[in-house]
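In: Pasted the sequence and its predicted model underneath.
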Amino acid sequence: MSAVLQLHQPGLLAPTTTDPLSLLTDSQRDEAMRIEALIMPAIKKVRGGLSVRAASDWLWKVHKCELQCSQSTARRWLYAYFQEGGLIALAPKYTGRVRKDGGWEARALYYRRLPSCASYATIAGWLVDDDGFDPADATPSRVQRYLESLPKDQTDFHGDRVGHHFRRLNLTPKKIRDRFVVPVGMLYQGDGHSLHYYVRHPNTGRHCTPELTPWMDIGSRYITGFFLGYSESAVQTLYSLSDALRTHNHVPALLHVDPGSGFKNKAMCDAVAGFAPRIGAEMMTALAGNAPGKGDIEGFFRWFEERHGKKQSSYKGKEVAQEFLRNLEKRIERGDMYVPYWDEALEGIRAYITRYNEKNQENLGGVSPAKLWERLERSELHIPANVLVRPREIRVARSYDVAIFNRVYRAAELKAYEGLQVQVEYDLHNDAVVWLYDVKGRFIAQAVKVKDTPFLSQSRIEDLAIKQRDAAIGRLERKAEIIRANHNRPITAASMVDQLEGNAPTELPYQAPARGQPSRPAEIIDMDAVRAEIRESERAAENPAQRFGRWLSLRACIQAGEQLGQDDQEWFQIYGTSAECLGHLDVYEAFGTVPGLANAKGSAPTEPSASTSEITWES
């Protein structure tokens, strides 16, 4: 491996010129020119007809002090100049010492390509400690010199180290596209961007991070429309795109988006009912994870945060020091930091976009995007504005009905479409009616809702919000279950004392007293007393459910005919007459359990032992 991966690999760096002097290093070229200047008088003599040997002898006699070399060296320089190619023959040809393989090179290269990005010293340590190589040979300096002599695409920028997908998108030659050949209004580029500053939620008033979805015309860099929502989704994409279409009454030929679920979905891309085919636009999807592929809109996001986001007091970008980020949310909750309201944030974004569109840009030839946008040759919408944001879904007609989103709609005209697919167009804000079309887009009828599902909202927007809320609650409940499972059987102090009792003697070994001190017997530790003291402290920390669980366990032992200890017997009788026990007992007999009790009704309680207090109940 080490013999293959040398610095100058055949074909790795192909020369781009045929001039031999360009292949020399700077030091080789400087040395060749210095020697040429020294022997130039002899070169002129040879060109005048004198032989090379006679010219070298003359040079040695006349310019001996200037040469500072032997006569044979001067003669060799002169012969090389005329017989081997002029100035290129005078360049030093030192190749240096040939490196010897130590056997660890292939393993060092493997470690260097790991995604963990280990340092050279760490790699040298692995070679010595784990692989058993000689520490005098595999030193950090030698490992570093060898790895740095290799091509970077074989070490630091290899696909195994940085990721093959990242390397293909960022470290290989890119296609340079000329955006100025794209006519104004032909191509819209859209993407979602989570703001780098907090905004107050319009419903809860708490701070949140909204999602901005703008659309940019590539031919003019003009922002044609945008929408500010809670998260990237198909609904937000429809809103932002409809804003761009309706504001300028223009339909682009192409929509360039990323492959995320908010853009590439049936509501947008379906060949029959998709929003893009309905308006007559073609979807063009970028490669996954390839931000430079949508560099225009990504560049807008970069300067949006630089010029507008960083001005906000609630900015939380990666440039902010960790000291401020750790206390940011607490400062917001205390009211020490101002968080803009939703309407304020929306107006601020709209004002920035207006300034952006009207500002002259050097990469646009010194004109503004708004000036270029005036060249638009408008392709007007053929869909009425009031139905622009009505998504469509494909459904099958059954018994004059179509079912969509747990709702049933009926129309008499569906009798001619029994068992056939139809397009159902619905309003995101009103679910009272839907509009029916055949697969060719011809209007059939308007269907009315005839069936409601219990607890069903009147808006599909509310349905999506409820679904998002339930998912968040479910994630929190799963975390709570993990916490309960981790604390289901805690380690008690009594159990630790029992383990120590089984491994350590209960009596201390006798030690001879020092001279002048009276001897005394070794101190004896009463483990039963220690266990009783711990038991009492644990009982004092029990909650009502744990105390009732222990009472149930003792009752089961009595019913089984087992003999209880005196302490347990007295506690059982006293607690059994308390109001707390009687109240829990009524709930237990009625429902089979009480809140916070681990054992259900009818299940076998924990087997009591001499130390009944060690039974652990779930809090």
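Out: Received the coordinates, thanks. Remember, it's a predicted structure, so these values are computed and weren't measured experimentally.
In: from here on, contacts and neighbour counts on C-alpha atoms
Out: Will do.
In: And the helix or strand residue 59 falls within, what's buried?
Out: Element membership of residue 59 [criterion: DSSP states H and E] is helix 52-62. For helix 52-62, a neighbour-count test (16 or more other CA atoms under 10 Å) marks 52, 55-57, 59-60 as buried.
In: Also stretch 35-52?
Out: Under 16+ other CA under 10 Å, the buried positions of stretch 35-52 are 35-36, 38-39, 41-43, 45-46, 52.
In: Same check on stretch 324-335?
Out: Judged by neighbour count (16+ other CA under 10 Å), stretch 324-335 contains these buried residues: 325, 328-329, 332.
In: Can you add pLDDT, distance to residue 409 and secondary structure and give those back as CSV?
Out: As requested, these are exported to CSV (pLDDT from 0 to 100; distance: CA to CA, whole Å; DSSP: H, G, I helix; E, B strand; the rest coil):
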residue, pLDDT, distance to residue 409, secondary structure
325, 79, 51, helix
328, 78, 50, helix
329, 78, 47, helix
332, 82, 47, helix
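In: quick one: which of those is nearest to residue 552?
Out: Closest approach to residue 552 among the buried residues of stretch 324-335 (CA to CA): residue 329, at 46.3 Å.
In: From residue 23, how far out is that closest one?
Out: 60 Å (CA to CA, to the nearest Å).
In: Equivalent analysis for residue 308, please.
Out: Going from residue 308 to residue 23 by CA to CA gives 50 Å.
In: And for residue 75?
Out: Taken as CA to CA, the span from residue 75 to residue 23 is 26 Å.
In: what about those two, which has more around it?
Out: residue 75 (21 against 14; other CA atoms under 10 Å).
In: That one sits in which helix or strand?
Out: Applying DSSP H and E, one finds residue 75 within helix 71-83.
In: Contacts for that helix, please.
Out: 35, 39, 42-43, 52-53, 56-57, 60, 67, 86-87, 89-90 (CA atoms under 8 Å, 6 or more residues apart in numbering).
In: List the buried residues of the helix or strand just after that helix.
Out: Of the helices and strands lying after helix 71-83 in sequence (DSSP H and E), the nearest is helix 105-112. Buried residues in helix 105-112, counted by 16+ other CA under 10 Å: 105, 108-109, 111-112.
In: Now stretch 25-38: buried residues?
Out: So, applying 16+ other CA under 10 Å, buried residues of stretch 25-38: 28-29, 32, 35-36, 38.
In: Give the rounded mean pLDDT of stretch 105-113.
Out: When pLDDT is averaged along stretch 105-113, the result is 94.
In: Likewise for stretch 44-64?
Out: For stretch 44-64, mean pLDDT rounds to 85.
In: can you dump the C-alpha coordinates of that stretch into CSV?
Out: Extracted in CSV, the C-alpha atoms of stretch 44-64 (Å, rounded to 0.1, in the frame of the first residue of the first chain):
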residue,chain,number,x,y,z
LYS,A,44,29.8,32.6,-25.9
LYS,A,45,33.3,31.2,-26.7
VAL,A,46,31.8,27.9,-27.8
ARG,A,47,29.2,29.6,-29.9
GLY,A,48,32.1,31.6,-31.5
GLY,A,49,33.8,28.4,-32.7
LEU,A,50,35.9,27.3,-29.7
SER,A,51,35.7,23.7,-28.5
VAL,A,52,33.9,22.9,-25.2
ARG,A,53,37.1,21.6,-23.6
ALA,A,54,39.1,24.6,-24.6
ALA,A,55,36.3,27.0,-23.5
SER,A,56,36.1,25.2,-20.1
ASP,A,57,39.9,25.5,-19.6
TRP,A,58,39.8,29.2,-20.5
LEU,A,59,36.9,29.7,-18.1
TRP,A,60,38.8,28.1,-15.3
LYS,A,61,41.9,30.2,-15.8
VAL,A,62,40.1,33.6,-16.2
HIS,A,63,37.1,33.2,-13.9
LYS,A,64,38.4,30.8,-11.3
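In: Return the list of helices and strands in contact with the helix or strand residue 350 falls within.
Out: In this assignment (DSSP H and E), residue 350 forms part of helix 342-358. Here helix 342-358 touches strand 199-200, strand 222-229, helix 369-373, going by 3 or more CA pairs under 8 Å, 6 or more residues apart in numbering; DSSP states H and E.
In: want to try JSON lines for the ones you listed, with mean pLDDT as columns?
Out: Formatted as JSON lines, these follow (pLDDT from 0 to 100):
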{"stretch": "strand 199-200", "mean pLDDT": "92"}
{"stretch": "strand 222-229", "mean pLDDT": "91"}
{"stretch": "helix 369-373", "mean pLDDT": "93"}
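In: Can you add mean neighbour count and distance to residue 337 and give the ones you listed back as TSV?
Out: Listed next are these as TSV, based on neighbours: other CA atoms under 10 Å; distance: least, CA to CA, whole Å:
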stretch	mean neighbour count	distance to residue 337
strand 199-200	22	12
strand 222-229	23	22
helix 369-373	18	36
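In: In a markdown table, list these along with distance to residue 213.
Out: As requested, the helices and strands packed on helix 342-358 are exported to a markdown table (distance: least, CA to CA, whole Å):
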| stretch | distance to residue 213 |
| --- | --- |
| strand 199-200 | 16 |
| strand 222-229 | 5 |
| helix 369-373 | 19 |
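In: Would you tell me which of the ones you listed gets closest to residue 393?
Out: Across these, closest to residue 393 is strand 222-229 (CA to CA), at 23.1 Å.
In: For the helix or strand hosting residue 423, which strands pair with it and how are they oriented?
Out: Assigned by DSSP H and E, residue 423 belongs to strand 421-426. Its sheet considered, strand 421-426 pairs with strand 392-396 (antiparallel), strand 433-437 (antiparallel) by DSSP bridges.
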